[in-house]
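[1] this one's structure only:
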């Protein structure tokens, strides 16, 4: 599903440049649930942003679902994101003046799905994350865990090939974190490919594979036995 | 533009960001409002001044004698100039080609006027038959003095409309009534109307009668002329100036007045005066335009500012939308669509509101030199379009920049 080869990325900080990713080689199969771990500054978020086409790499190859991702301009990137990718962010990134339902419907708007169908579909996904009753509420009226579940519903509504989650539990307490992870596991059970960036070992243990990043290189890549989040909920 | 989904999205955004929309709209609407009101009053001022000049025939030229202030050909200064029939007639012959209407006038003083037992305190003026056209007096009843009256020294009088309402209010019409001037009965033959009340408080009698009956000799108090109409304003002014100069030099010669002694003989041309006022209204109009354009610029700057802030405020939202698959052009389109929609609605609101005020209040404004302020609809519409365009341009650049920046940077914006 995802294949990257020799990926490099550096940031210019004034006169010196900061080399963040120093040749990443890595691939993900369909249906995997991968945790990308590492301390802050290890380059894990940068890697995820490049995978999500939110940021450009300096060099290296990236193939997503058989499509080579290169020479991206913003228009093309937007197309790919809309077609292939769903995002879940640490800070939720919901549009604050839109209701939960409208937030979920937004990627469908950009897929040019009609209004009626859009709202029906969104309601279905909101139901899946257990927030059907909250459909008309604004993000400010929801708790952190609820907001993240809306964000997950939004990411899933577009039916992406890959779900990318950047510290999805970073702003949540541990009980809510496990609820969110439970939801992510269930989505994964349906066959969706999911990548999670996290620095919390307990969250990483709930995935099926852990990739360790340190100073811009992968130092460890192992498959693990998944801990189900259900038991903590 | 006719994408129904886009419209829904924009109405959503507007409905949920009422304050922002209101402030944008307010600055646009007030800009248009102020401009239209200003332009309206500029026009009103011009109308008002034009109105003032309609009182007398636009091409009239008047001659008033005065007192000499310069020694000339052995004659002392301080000499009072007296015009006579001779001056009047020779002038007429000399300048015959350039004259349309002519009239001498004499003010009859030291007399009493009675209507029945009522004493009247109106001025009596002896004029010739063509004076009606020079003064631009309209006959509302009867007729004006005619040539027959003049050569026959008829004892007839024409009264102003105000005199009719004040004095002849008990009879159906003053025409046919008799008034006594110094005991001599004069038959009222007509009623005239003028633009101003005070010009309707005169009684005109034939100049020949005034001179013979009231001991006027051959004296004339002033002379007045109108010139034939010309095709355009500039030609008319040139004609008036030429006529005025010729008339003045002729009279100065026959009356032995120094050529540069302006106080001794005043020749006044309405046309030249009008030109000065037209120039003035032109300048005033220019000034109003200047202020109006400054207002519009202020409006444009205001709209630009708001658009900048709106885009800045929405940077994160733009990032989110892009992460969800919005293309840069759809972002730019959305922001511009909203900006154009809001400026258009509020611009036209301001326009309708201000034009409504001008329409309702305009005709009721009674101030000197301001008459029926109104505004050219085309001009008003173009200003609205300019503001809309300005709003779109002002919104475009920040929107374009926001749409172009790396999505991740837009998302990080707080």
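    Structure received. Bear in mind that the values here come from a model prediction, so they are computed numbers and not experimental data.
[2] what are the ranges of the strands in chain B?
    Secondary structure of chain B (DSSP state E): strands located at B:60-65, B:83-84, B:101-108, B:113-115, B:118-120, B:123-127, B:138-142, B:156-160, B:178-181, B:184-193, B:202-206, B:219-220, B:222-226, B:265-269.
[3] tell me the angle of the first one relative to strand B:265-269?
    So the one you mean is strand B:60-65. In terms of direction (axes from the mean of the first three to the mean of the last three Cα atoms, to 10 degrees), strand B:60-65 departs from strand B:265-269 by 170 degrees.
[4] give me the residues contacting strand B:60-65.
    Residues outside strand B:60-65 that contact it (Cβ atoms under 8 Å, 6 or more residues apart in numbering or on different chains) are B:80-83, B:134, B:221-227, B:240, B:243-244, B:247, B:251, B:255, B:264-270. For the C-beta atoms, the positions are set from N, CA and C on the backbone; glycine is no exception.
[5] pull out the buried members of the residues you listed.
    Neighbour counting with 16 or more other Cβ atoms under 10 Å in any protein chain shown marks B:81, B:83, B:134, B:221-227, B:240, B:243-244, B:247, B:251, B:255, B:264-265, B:267, B:269-270 as buried within the contacts of strand B:60-65.
[6] in stretch B:270-284, which residues are buried?
    By neighbour count with 16+ other Cβ under 10 Å, stretch B:270-284 contains the buried residues B:270, B:271, B:274, B:275, B:278, B:281, B:284.
[7] report the mean confidence score over that stretch.
    What stretch B:270-284 shows for mean pLDDT is 76.
[8] among the strands of chain B, show me which one is buried the most.
    Of all these, strand B:156-160 has the most neighbours on average by mean count of other Cβ atoms under 10 Å in any protein chain shown, namely a mean of 26.
[9] which secondary structure elements does it sit against?
    Judged by 3 or more Cβ pairs under 8 Å, 6 or more residues apart in numbering or on different chains; DSSP states H and E, strand B:156-160 is in contact with strand B:178-181, strand B:184-193, strand B:202-206.
[10] contacts for that strand, please.
    Under Cβ under 8 Å, 6+ apart, the answer for strand B:156-160 is B:122, B:142, B:144-145, B:149, B:167-168, B:174, B:179, B:181, B:186-194, B:199-206, B:209.
[11] who's in contact with whichever residue of chain A sits closest to chain B?
    Ranked by Cβ to the nearest Cβ, the top residue of chain A for proximity to chain B is residue A:82, at 2.4 Å. Residues near residue A:82 by Cβ under 8 Å, 6+ apart: A:107, A:110, A:111, A:158, B:324, B:325.
[12] swap in residue A:43?
    By Cβ under 8 Å, 6+ apart, the contact set of residue A:43 is A:9, A:20, A:21, A:213, A:215, A:216.
[13] repeat the analysis, applying 10 Å as the threshold.
    Listed by Cβ atoms under 10 Å, 6 or more residues apart in numbering or on different chains, the contact partners of residue A:43 are A:7, A:9, A:18-22, A:24, A:36, A:50, A:213-218.
[14] now do the helices in the chain.
    Just going to use chain A. Residue ranges of the helices in chain A, as given by DSSP state H, are A:44-51, A:74-84, A:100-110, A:115-128, A:144-157, A:174-189, A:201-204.
[15] correction: the question concerned chain B.
    According to DSSP H, chain B carries its helices in the segments B:4-16, B:18-53, B:85-94, B:131-135, B:147-151, B:161-167, B:207-213, B:233-254, B:270-313, B:315-323, B:328-361, B:377-404, B:407-412.
[16] the third one packs against which elements?
    Which is helix B:85-94. Counting contacts by 3 or more Cβ pairs under 10 Å, 6 or more residues apart in numbering or on different chains; DSSP states H and E, helix B:85-94 is packed against strand B:60-65, strand B:101-108, helix B:207-213, strand B:219-220, strand B:222-226, helix B:233-254.
[17] show me what counts as buried in it.
    For helix B:85-94, by 16+ other Cβ under 10 Å, it's B:85, B:87, B:88, B:91.
[18] and for the first one?
    For helix B:4-16, burial by neighbour count (16+ other Cβ under 10 Å) applies to B:6, B:9, B:10, B:13, B:14, B:16.
[19] what's across from the residue sitting nearest the centre point of chain A in the sheet?
    The centroid of chain A falls nearest to residue A:164 when counting by Cα atoms, centre = their mean (1.8 Å). Per DSSP bridges, the residues bridged to residue A:164 are residue A:87, residue A:195.
[20] ok, now which ones touch it?
    So residue A:164 contacts A:2, A:36, A:48-49, A:51-54, A:81, A:84-89, A:155, A:193-197, B:323 (Cβ under 10 Å, 6+ apart).
[21] now do residue B:251
    Residues counted as contacts of residue B:251 (Cβ under 10 Å, 6+ apart) are B:63, B:65, B:81, B:83, B:87-88, B:90-91, B:94, B:223, B:257, B:264-265, B:267.
[22] could you find the closest non-adjacent residue to the residue of chain B positioned farthest from its centre?
    Relative to the centre of chain B, the most outlying C-alpha is that of residue B:408, 63.0 Å out, by Cα atoms, centre = their mean. Ranked by Cβ to Cβ, 6 or more residues apart in numbering or on different chains and with sequence neighbours excluded, the top spatial neighbour of residue B:408 is residue A:54, at 4.2 Å.
[23] equivalent analysis for residue B:28, please.
    In this structure, residue B:28 finds its nearest non-sequential neighbour in residue B:346, 4.4 Å apart by Cβ to Cβ, 6+ apart.
[24] how many neighbours does the one you found have?
    Residue B:346: 26 surrounding residues under other Cβ atoms under 10 Å in any protein chain shown.
[25] go on, the one 3 residues further on?
    Residue B:349 has 17 neighbours, counted by other Cβ under 10 Å.
[26] list the residues that contact the nearest residue to it once chain neighbours are set aside.
    Excluding the flanking residues, the one nearest residue B:349 by Cβ to Cβ, 6+ apart is residue B:29, at 5.2 Å. Residues near residue B:29 by Cβ under 10 Å, 6+ apart: B:299, B:343, B:345-354, B:384, B:387.
[27] circling back to that earlier point, how close does the residue nearest to residue B:408 sit to residue A:157?
    Noted for residue A:54: a distance of 19 Å to residue A:157, by Cβ to Cβ, to the nearest Å.
[28] check the residue of chain B found nearest chain A and give its pLDDT.
    Residue nearest to chain A within chain B: residue B:325 (2.4 Å; Cβ to the nearest Cβ). Note for residue B:325: predicted pLDDT of 87.
[29] phi, psi for it please.
    For residue B:325, the backbone dihedrals (degrees, to the nearest 10) come out as phi 110, psi 20.
[30] contact partners for it?
    By Cβ under 10 Å, 6+ apart, the contact list for residue B:325 reads A:77-86, A:106-111, A:158, A:160.
[31] skipping adjacent residues, who's closest to it in space?
    Closest residue to residue B:325 apart from its sequence neighbours, by Cβ to Cβ, 6+ apart: residue A:82 at 2.4 Å.
[32] distance of the one you found from residue A:48?
    Distance, residue A:82 to residue A:48, by Cβ to Cβ: 18 Å.
[33] do residue B:330 as well
    Residue B:330 is 25 Å from residue A:48, where distance means Cβ to Cβ.
[34] contact partners for the nearest residue to residue A:212 once chain neighbours are set aside?
    In space, not counting the residues next to it along the chain, residue A:212 is nearest to residue A:220; the distance is 3.8 Å by Cβ to Cβ, 6+ apart. Going by Cβ under 10 Å, 6+ apart, residue A:220 touches A:37, A:38, A:210, A:211, A:212, A:213, A:214.
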